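S.K.: With the input below, show me the fold.
(2 chains)
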Amino acid sequence: MIRLKNVTKIYPPDVVGLQNVNLHIRPGEFVSVVGQSGTGKTTLAKLLIAEERPTKGQIVIGGWDISSIKSSEVPLLRRQIGVVFQDFKLLPKKTVYENVAFALQVCGASHRKIGHIVPQALRIVGLSGKADRYPWQISGGEKQRTVIARSLVHRPKIIVADEPTGNLDSINTREIIDLLKKINEFGTTVVLVTHNREVVNELRRRVITIDRGLIVSDQEEGKYVL
Amino acid sequence: MIVSVSRIVRFALQDFFRNFWLSVATVSVLMLTLVSVNLLVVMNVLGKVALSTVESRVDVSVHFGPEVEESRIQTVKVALLSLPEVRDVEYVSASRALEQFSETHSEDHDIIEALGEVESNPFGGTLIVKARNLEDYPKILSALDEPVYANLIEEKNFDDRRVMIERLEAIAYRVEVFVLAISAIFGLITLLIVLNTIRVSIYTHREEIGIMRLVGASDGFIRGPFYVEAVFWGLLAVILTAALLYPALAVSQPFLRAFFGTEAVDVIGFYNANFLQVFGLQFLLVTLMSLLTTKLATAKYLKV
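M.R.: Below is the predicted model of the structure:
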């Protein structure tokens, strides 16, 4: 599903983001990428969604080499990868429903398709009853669930979640992780970038640890070791 | 495709109203450019009217002696009309010439008294010759210099207004260059304003644009609304300029007619007859300007 071969990312002039990273994530896996701040976790997430290009090496997603992906092809890739960020990135003047529908609208989906898919996505994340609320009317956990619903509307094969629980309390954190596990059970590959020790230890899934741009550990059913 | 286009148009409209005062400023500057362009058009129309008015007053008056019979004058008229350079020849009889003279000097008692003392009509017939072009008059004059006419023609008056025409042309040219320069300056200011408007628009949309990129919106969908908005500006600017121009022309046309002393001044008629060409070209001009600037602005400030 996801394969990185000798991937190096250097930010000008000479800041190393990732160094010679080799990685293989199989379809349907739930992988946690852990490490301290500034070690290259977010760089990895950005490389997976082609927000950054590798300085060296090859990234293949679902058989598609995105190492030197053309700008015009990036939207096609992003429709296949759901993205969840710590800072939600919701539009404050749109309701929960409109925020989720926005992802389909800007990709040219028909009204009928939107009317069919958005309620489904909201049902999966448990927000059917709050579809008409605005972001300022819902909790942090609900905001993040809205973001997850938005990332689901393209029925992605992969979800990349970069610190999705960073702004949440422990109860909401648990809810979001449970939701990601539920999505993973449907067959979606989840790449969870986090530095939350409890989350990683409770998950008991594969853990990849990055330190100073290098993969220092890759364990099936691993724990947060740093 | 249709759904995407309609959404792009909707997003463009939203942006127009979200940055309403900025849109108003942009349309106003576009209108300034268009007003100066229209000033150029009006100057051109008026210049042509002025020149044709002066040109129509140029003629050669051929005065015959009182003793020359009308039949001979008519023969000369036919001969002149056979010249390719001659457009028209008007015959003024001796009695008509006397009447005209009396009417012209009706206030001048000395002249009228002197005229009364002369027993017979002192005027002969006159032919007023108009050429097809100003350049044709020398040829007509030289034709009239032929010996066969020497005993008939008493006097030839050529009312040459060439100097006046040349001056008029020179003035019209200078005014056009001046207005063209003003238009170019307004055009340049417009480009800068549009550039800045797009920049602000991108800034106010940065959240939305970021999310669009994240969820897989195409480059065309993200940039599209900015281009559509540029077309809105152009369209609005042309409509508002036309809406301002017509009343302004309606008010000024009577004054222009009085100034030029002719009913031939019909700028509104010109605009009516050439509405689509004039405003269509202006729409193309400002829209192309706006689109070009939008392309520059989005290339510089919108990283998709």
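S.K.: Next one, pLDDT for B:Asp159 please.
M.R.: Looking at B:Asp159, its pLDDT stands at 67.
S.K.: meant to ask about A:Leu4
M.R.: Here the pLDDT value assigned to A:Leu4 is 94.
S.K.: In three-state terms, label it for me.
M.R.: For A:Leu4, the secondary-structure state derived from DSSP: H, G, I helix; E, B strand; the rest coil is strand.
S.K.: so who does it touch?
M.R.: Neighbour list for A:Leu4: A:Val21, A:Asn22, A:Leu23, A:His24, A:Leu47, A:Gly57, A:Gln58, A:Ile59, A:Val60 [criterion: C-beta atoms under 8 Å, 6 or more residues apart in numbering or on different chains]. No exception for glycine: its C-beta is placed from N, CA and C like everyone else's.
S.K.: Setting the sequence-adjacent residues aside, check what's closest to it.
M.R.: Nearest residue to A:Leu4, sequence neighbours excluded (C-beta to C-beta, 6 or more residues apart in numbering or on different chains): A:Leu23, at 4.2 Å.
S.K.: for B:Gly224, same thing?
M.R.: Counting by C-beta to C-beta, 6+ apart, the residue nearest B:Gly224 is B:Ile8, at 3.9 Å.
S.K.: Ramachandran coordinates for that neighbour?
M.R.: When read as degrees, to the nearest 10, the backbone of B:Ile8 gives phi -60, psi -40.
S.K.: Touching, it and B:Ile222? I think so.
M.R.: No - with contact defined as C-beta atoms under 8 Å, B:Ile8 does not count as touching B:Ile222 (9.6 Å).
S.K.: Tell me which other helices or strands the helix of greatest length in chain A touches.
M.R.: Looking across chain A with DSSP state H, the single longest helix is helix A:170-185. On a contact count with 3 or more C-beta pairs under 8 Å, 6 or more residues apart in numbering or on different chains; DSSP states H and E, helix A:170-185 meets strand A:30-34, helix A:111-124, helix A:140-152, strand A:158-162, strand A:189-194, helix A:197-203.
S.K.: got those as CSV, with mean neighbour count columns?
M.R.: Putting those into CSV (neighbours: other C-beta atoms under 10 Å in any protein chain shown) gives the following:
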stretch, mean neighbour count
strand A:30-34, 24
helix A:111-124, 16
helix A:140-152, 25
strand A:158-162, 24
strand A:189-194, 25
helix A:197-203, 17
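S.K.: Select, out of these, the one closest to A:Ser170.
M.R.: With C-beta to C-beta as the criterion, A:Ser170 lies closest to helix A:197-203 of the helices and strands packed on helix A:170-185, at 7.7 Å.
S.K.: contact partners of that closest one?
M.R.: For helix A:197-203, the surrounding residues in contact (C-beta under 8 Å, 6+ apart) are A:30, A:32, A:34, A:165, A:170, A:173, A:177, A:181, A:192, A:194, A:207, A:222-224.
S.K.: Could you rerun that using 6 Å?
M.R.: Residues outside helix A:197-203 that contact it (C-beta atoms under 6 Å, 6 or more residues apart in numbering or on different chains): A:Ser32, A:Val34, A:Ile177, A:Val207, A:Lys223, A:Tyr224.
S.K.: and the fifth one, which of the three is it?
M.R.: It stands for A:Lys223. coil.
S.K.: Grab the nearest non-local neighbour of it.
M.R.: In space, A:Lys223 is closest to A:Asn201, 5.1 Å off (C-beta to C-beta, 6+ apart).
S.K.: A:Val216 versus the one you found, what's the distance?
M.R.: Going from A:Asn201 to A:Val216 by C-beta to C-beta, to the nearest Å gives 17 Å.
S.K.: again with A:Trp136
M.R.: A:Trp136 is 41 Å from A:Val216, by C-beta to C-beta.
S.K.: Please export the C-alpha coordinates of stretch B:19-26 as PDB.
M.R.: Provided in PDB are the C-alpha atoms of stretch B:19-26 (Å, rounded to 0.1, in the frame of the first residue of the first chain):
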ATOM      1  CA  ASN B  19     -14.900  41.800  -0.300                       C
ATOM      2  CA  PHE B  20     -17.600  44.200  -1.400                       C
ATOM      3  CA  TRP B  21     -15.800  47.500  -1.000                       C
ATOM      4  CA  LEU B  22     -12.700  46.100  -2.500                       C
ATOM      5  CA  SER B  23     -14.800  45.000  -5.500                       C
ATOM      6  CA  VAL B  24     -16.300  48.500  -5.700                       C
ATOM      7  CA  ALA B  25     -12.900  50.000  -5.700                       C
ATOM      8  CA  THR B  26     -11.700  47.700  -8.500                       C
END
